[in-house]
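Student: I need the structure of the sequence given here:
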Amino acid sequence: MENVILVVHLILALCLIGIVLLQRSEGGGLGMGGGGDVMTGRAAATALGKMTWIFAIGFIATSITLTVLARKEAASSSVMDGVAVEEVLPADEGSPALPSGSDLLPPSTTDAPVAPPRAD
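Tutor: The predicted structure is shown next:
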């Protein structure tokens, strides 16, 4: 199901790119240039304009559908599901013990800078 919607989404994207490139450039954005009614500033709806709206609505609908499907799939699984968890067993008397937390720290030195006293 997801693959079919993805293929339709890609076809709509290519059609939308093609139909936008076929339209003539009127120079100036936001309907500020070119033909149309002078009083309203609104151009006549052409077949290419209508097709652009149809492809855009289809593209947005498939985008939302793919997002919902991906979210449903992500909610049922986790990245941590694939991680193997090993249980830590206590050390036997014959085996060497694990070092404690203080053994893992570097040795303390007296060369460290002293923090200035806080004025409260």
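
Student: can you list the residues that contact stretch 4-21?
Tutor: Defining contact as CB atoms under 8 Å, 6 or more residues apart in numbering, one finds that stretch 4-21 is touched by 48, 51-52, 55-56, 58-59, 62-63, 65-66, 69. Placement of C-beta: from N, CA and C, glycine included.

Student: Could you tell me which of those residues count as buried?
Tutor: When burial is judged by neighbour count using 16 or more other CB atoms under 10 Å, the buried members of the contacts of stretch 4-21 are 51-52, 55, 58-59, 62, 65.

Student: Do you have the helices of this structure handy? List them.
Tutor: Counting by DSSP state H, one finds helices in the chain at the ranges 2-22, 47-75.

Student: Using JSON lines, lay out these together with mean pLDDT.
Tutor: Formatted as JSON lines, the helices of the chain follow (pLDDT from 0 to 100):
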{"stretch": "helix 2-22", "mean pLDDT": "94"}
{"stretch": "helix 47-75", "mean pLDDT": "91"}
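
Student: Now tabulate those in TSV and tack on distance to Asp81.
Tutor: Formatted as TSV, the helices of the chain follow (distance: least, CB to CB, whole Å):
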stretch	distance to Asp81
helix 2-22	20
helix 47-75	12
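
Student: For Pro117, which of those helices is the nearest?
Tutor: Shortest separation from Pro117 across these is recorded for helix 47-75, at 52.0 Å, computed as CB to CB.

Student: That closest one versus helix 2-22: what angle between them?
Tutor: Between the direction of helix 47-75 and that of helix 2-22, the angle (axes from the mean of the first three to the mean of the last three CA atoms, to 10 degrees) works out to 150 degrees.
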